[in-house]
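K.L.:
this is the structure alone, sequence omitted:
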């Protein structure tokens, strides 16, 4: 079980290592990267994520417990960046490992879908490097990553 | 588009690199590892994969084309090891990248499910390191990996 | 207006995320609260009077009290409490 | 037995995978075939007479001729052709 709310880059290799273990024949990893979506001020160059840290960590841990219980997966990863994440970088990494592939796929899909619903994290788009022209809060159904 | 039928270890990092690209916000990678399943001669220590190489490569390439067509994913990976693959090593790596997560999940799931059905690859189990006590061809529904 | 009670020395801390922060202009506010407490919805009504743009945001938001979901918006909150406004999440 | 024709100098190559290999004992056989060819199913019947364990395997297998699926088992195969027996796949 591995939850992370990190201001530093997420290592995909580390996620795969965290999902490695004896008998775990099926491993699924999802990586959500920041996309250069168009905005009126030009393409997105970064997303700035903020989190309500303690509840966010608890929500991630609860998602992992629920994924294990529902799908019988043995190892899970649910990591999210906070702070500024440049286009192309991973904003979120989730994954699951089990003996077989079906529960691993189901759990990974569950983790990212429910993370978006349940974890108190928000994003703001930045259309120009380094500047913060005006507040552009994430829209209700904003999905510039994942 | 990246197919591989390789006697050398599959690099998961290379698979993620192959799936990276501008605007590809959702990336899903599946890794199938060799499990130490029990056999009458002791736990599996390796699987030995053989392939009918040319048709196998063509089948992998066809799977990728079909995944792109059906799910609209932009990049895909469909790699399989041949030869001896030790317990814990990756025997297969498939993955897909798209702007959003749903087609990436669907395509990755399609690739591994159909790879198992359509690609002429077979496995034999080895229960002791280095030795080949007697032929143990893969059973009809054998699934010691993935 | 609500009845006048002297505020406690220790205020309530209001955490404002995303659109709630934008509506108020700052990520947190120390808000006066009577020593015996006040129901969360009445306290937020006071905040809305001062920051009207927050009204619409609150309708689509969840409340967290001291890091836990606050199911009952009439629950009593008091000095030193941390009340967070969670607009719809946008992670991933 | 089939009619006798002199085999061509160039045989047909039979590729045997997985359980087919186990049944025959080797991964490939060079099998004599008349210069004018022979239908694949009759040729395989000859092989089965020599390797009876292959009969059951063939029932669950697909055939590939020169790397392409062979839809019609009565198709003519000839010298230099590569005929592969694919038992059910077991990759992944």
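P.N.:
In hand now; what should we look at? Not measured: the values here are computed from a predicted model.
K.L.:
where along chain C do the helices fall?
P.N.:
Secondary structure of chain C (DSSP state H): helices at C:18-24, C:40-50, C:54-59.
K.L.:
residues making contact with the first one?
P.N.:
Applying Cβ atoms under 8 Å, 6 or more residues apart in numbering or on different chains, the contact partners of helix C:18-24 are A:50, A:122, A:124, A:135, A:137-138, C:16, C:27, C:47, C:51, C:53-54, C:56-58, C:61, C:85-87, C:90. Where you see a C-beta, it was placed from the backbone N, CA and C, and this is true even at glycine.
K.L.:
in PyMOL, how would I select the buried members of the residues you listed?
P.N.:
A single PyMOL command selects the buried members of the contacts of helix C:18-24 (16 or more other Cβ atoms under 10 Å in any protein chain shown):
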select buried, (chain A and resi 50+122+124+137+138) or (chain C and resi 16+47+51+54+57+58+61+85+86+87+90)
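K.L.:
could I get the helices of chain C in CSV, plus columns for distance to residue A:105 and mean pLDDT?
P.N.:
What follows is the helices of chain C, written out as CSV (distance: least, Cβ to Cβ, whole Å; pLDDT from 0 to 100):
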stretch, distance to residue A:105, mean pLDDT
helix C:18-24, 31, 97
helix C:40-50, 41, 97
helix C:54-59, 37, 97
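K.L.:
winner for burial among those?
P.N.:
Comparing the helices of chain C by mean neighbour count (mean count of other Cβ atoms under 10 Å in any protein chain shown), helix C:18-24 comes out on top with a mean of 23.
K.L.:
would you map the strands across the chain?
P.N.:
Looking at chain A here, since you left the chain open. For chain A, the strands defined by DSSP state E cover A:2-6, A:26-33, A:46-51, A:75-81, A:83-86, A:90-98, A:121-126.
K.L.:
my bad, the chain I had in mind was chain C
P.N.:
Under DSSP E, chain C gives strands at C:12-16, C:28-31, C:38-39, C:62-65, C:68-69, C:76-77, C:82-86.
K.L.:
picking that back up, to residue D:43, which of the helices of chain C lies closest?
P.N.:
Of all the helices of chain C, it is helix C:18-24 that lies closest to residue D:43, at 72.2 Å by Cβ to Cβ.
K.L.:
which parts of chain A sit against chain B?
P.N.:
By Cβ under 8 Å from any Cβ of the partner chain, the residues of chain A that approach chain B are A:12-13, A:16, A:20, A:22-36, A:87-88, A:99-101, A:104-105, A:108-109, A:112, A:143-146.
K.L.:
only whichever of those residues are buried, select them in ChimeraX.
P.N.:
The ChimeraX selection below is limited to those of the residues of chain A next to chain B classed as buried (16+ other Cβ under 10 Å):
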select /A:12,16,20,24,25,26,27,28,29,30,31,32,33,34,35,36,87,88,99,100,101,104,105,108,109,112,143,144,145,146
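K.L.:
show me the residues of chain A next to chain B that map onto helices.
P.N.:
Short answer: these in helices (DSSP H) are A:12, A:13, A:16, A:101, A:104, A:105, A:108, A:109, A:112.
K.L.:
could you list which of those also contact chain C?
P.N.:
Residues of these in contact with chain C (Cβ under 8 Å from any Cβ): residue A:112.
K.L.:
so where is chain C shaky, pLDDT-wise?
P.N.:
Regions of chain C meeting the criterion pLDDT under 70 cover residues C:1-8.
K.L.:
which residues touch residue A:90?
P.N.:
Neighbouring residues of residue A:90 by Cβ under 8 Å, 6+ apart: A:9, A:10, A:12, A:31, A:32, A:33, A:81.
K.L.:
tell me how many other residues crowd the last one.
P.N.:
I take that to be residue A:81. 28 (other Cβ atoms under 10 Å in any protein chain shown).
K.L.:
now it: how far from residue B:113?
P.N.:
Distance of residue A:81 to residue B:113, given as Cβ to Cβ, to the nearest Å: 31 Å.
K.L.:
ok, the fifth one next?
P.N.:
From residue A:32 over to residue B:113 the distance is 23 Å, taken as Cβ to Cβ.
K.L.:
with the fourth one instead?
P.N.:
If you measure residue A:31 against residue B:113 using Cβ to Cβ, the figure is 21 Å.
K.L.:
then the third one?
P.N.:
Residue A:12 sits 24 Å away from residue B:113 when distances are taken as Cβ to Cβ.
K.L.:
the first one too?
P.N.:
The span separating residue A:9 from residue B:113 equals 32 Å under the rule Cβ to Cβ.
K.L.:
could you check which of those two is surrounded by more residues?
P.N.:
Counted by other Cβ under 10 Å, residue A:9 and residue B:113 do not tie: residue B:113 has more neighbours, with 17 against 11.
K.L.:
mind listing what that one touches?
P.N.:
Residues counted as contacts of residue B:113 (Cβ under 8 Å, 6+ apart): none.
K.L.:
next one: residue A:5
P.N.:
A:51, A:53, A:56, A:57, A:60, A:79, A:80, A:82.
K.L.:
go again with 6 Å.
P.N.:
Residue A:5 is in contact with A:51, A:56, A:57, A:80, A:82, counting by Cβ atoms under 6 Å, 6 or more residues apart in numbering or on different chains.
K.L.:
that one pairs with what?
P.N.:
When bridges are called by DSSP bridges, residue A:5 pairs up with residue A:80.
K.L.:
pLDDT at it, what is it?
P.N.:
Note on residue A:5: pLDDT of 97.
K.L.:
same question, residue A:145
P.N.:
At residue A:145, pLDDT is 52.
K.L.:
surely residue A:35 touches residue B:25?
P.N.:
Yes - the pair residue A:35 / residue B:25 is scored as a contact, 4.2 Å apart, by Cβ atoms under 6 Å.
K.L.:
distance of residue A:14 from chain C?
P.N.:
Going from residue A:14 to chain C by Cβ to the nearest Cβ, to the nearest Å gives 19 Å.
K.L.:
no no, residue A:58
P.N.:
From residue A:58 across to chain C, the span is 7 Å (Cβ to the nearest Cβ).
K.L.:
ok, now which ones touch that residue?
P.N.:
With contact set as Cβ under 6 Å, 6+ apart, residue A:58 has no partners.
K.L.:
can you pull up the most central residue in chain A?
P.N.:
residue A:92 (2.2 Å; Cα atoms, centre = their mean).
K.L.:
specify the beta-bridge partners of that residue.
P.N.:
Here residue A:92, judged by DSSP bridges, has bridge partners residue A:32, residue A:80.
K.L.:
my guess is it meets residue A:32, correct?
P.N.:
Yes - counting by Cβ under 6 Å, residue A:92 does reach residue A:32; the two are 4.1 Å apart.
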